[in-house]
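Chemist: What would the 3D arrangement of this be:
(one chain, ligands or ions: 1)
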Amino acid sequence: MTKHDSLDHDTERDYRGERLQRVLAQGGVASRRRAEEMITAGQIRVNGRVITELGTRVHPSRDEIRVDGKVLRPQPPRYIMLNKPTGFITTVSDERDRWTVMDLVDVRERVYPVGRLDRATQGLVMLTNDGDLAHRIMHPSYRIDKEYFVFSDTRPTEPQLQQLRDGVRIDNRRIIPEDVRLHRETVEGTAIKIVLHEGLYHVVRRLMDAVGIPVTRLRRTRLGPLHVQGIPTGSWRDLTPGELVQIFQAVGMSEVDADRANNARTIQLTPVGGFSHQASGSGGAGRPAPRPEATSGSNRQEREGRRGSSTETGGQGGNRSRGRGNSTGRGNRHDSNRSSSSNRNRRSGRRG
Ligand code: URA
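Modeler: Take a look at the predicted model:
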């Protein structure tokens, strides 16, 4: 797993499972480091076999994992779309204590972001704990559209747009967008629509830089069949059952799999949370300021607990240490729209 803790970007097309230490950490067994120690100490069995090799991959939904003899129960799946504001990084945890998308999405399941958006980029981020789906969405071979709107204060020329359409070399690869078009002129400049299957680091900004188009704002609006429209900035909601089927099918998974996931998950369909910037800049450098009505605050201590070092194996399906009030579990229950006073209020000022 990378330092950003989002999905592993394997070059392999097939989902090879997830690293055992990550599954243990995500399951609330222990911190990643402690989980590694537990593995090398022979405390973990997978399908009856003691595993001591770090980096062993497991399929959390299929494999039986035991910690000191106790079964690690799989979590119910969760599928969330967030409209990320600028100023937040797309990671589960940040060693520099910057604001992350996890400050906006507060659910019992240990979801993580599928791919990344830069701190200064806004728009659609999917979060899930379904490693197979996440892998497929990110792997270019599944050809999932990533649609962006690039705002520029300079009107691009036709040769610049054609250069993009013809493809640009980045990291020794020729990146050929699926679509590039001038979308509209706005008060803040020109909006260019670009659709890619690639998820390379800073790919859109690097493409624009390569052809000399300055970027004032970047927004992702679509991931395959999933549109961010209707989700206010800083808010999230779960995928509707129809969206779930669509995204499963878009990555070659069956409707039966989608139905099974749908029946097992928690669904919150009314957007939760909200966010506005105190001071915004083109780079999104303004300090994030929660709206008073924000409902998805995340408590720092609870978050520490979520990452924490408990060695219990009970409650792995959720985050006992977090003690959160939202419902979870099977049978299509709906989360209540929690109205915790935003803990970010207390935290604002501690970050920049
Ligand atoms: N490309 C970028 O440059 N930034 C993003 O956040 C996503 C794609």
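Chemist: pull the helix or strand with minimum mean pLDDT from this structure.
Modeler: In the chain, the helix or strand scored least confidently by mean pLDDT, DSSP states H and E is helix 300-307, which has a mean of 31.
Chemist: low-scoring stretches of the stretch 151-300 of the chain, by residue?
Modeler: 276-300 (pLDDT under 70).
Chemist: Please identify the residues of it in proximity to the ligand?
Modeler: 202, 203, 204, 205, 218 (CB under 6 Å from any ligand atom). C-beta: built from backbone N, CA, C; applies to glycine.
Chemist: Against residue 145, how distant is the residue nearest to the spatial centre of the chain?
Modeler: Closest to where the C-alpha atoms of the chain average out (CA atoms, centre = their mean) is residue 113, at 1.4 Å. With distances taken as CB to CB, to the nearest Å, residue 113 is found 18 Å from residue 145.
Chemist: Residue 59 now?
Modeler: Counting by CB to CB - residue 59 and residue 145 are separated by 27 Å.
Chemist: Mind telling me what element residue 184 is part of?
Modeler: Taking DSSP states H and E as the criterion, residue 184 maps to strand 179-186.
Chemist: and residue 166, what does it touch?
Modeler: By CB atoms under 8 Å, 6 or more residues apart in numbering, the residues touching residue 166 are residue 176.
Chemist: Please tell me how far it sits from residue 105.
Modeler: From residue 166 to residue 105 the distance is 38 Å (CB to CB).
Chemist: Setting aside sequence neighbours, what's the nearest residue to residue 215?
Modeler: For residue 215, the nearest residue in space outside its immediate sequence neighbours is residue 208; the separation is 5.1 Å by CB to CB, 6 or more residues apart in numbering.
Chemist: could you say what helices and strands the strand or helix carrying the one you found packs with?
Modeler: Here residue 208 is covered by helix 203-211, with elements defined by DSSP H and E. Helix 203-211 is packed against strand 146-152, helix 158-166, strand 168-170, strand 189-196, with contacts defined by 3 or more CB pairs under 8 Å, 6 or more residues apart in numbering; DSSP states H and E.
Chemist: before we move on, the earlier item: please tell me how far the residue nearest to the centre of the chain sits from residue 72.
Modeler: For residue 113, the distance to residue 72 - CB to CB - is 23 Å.
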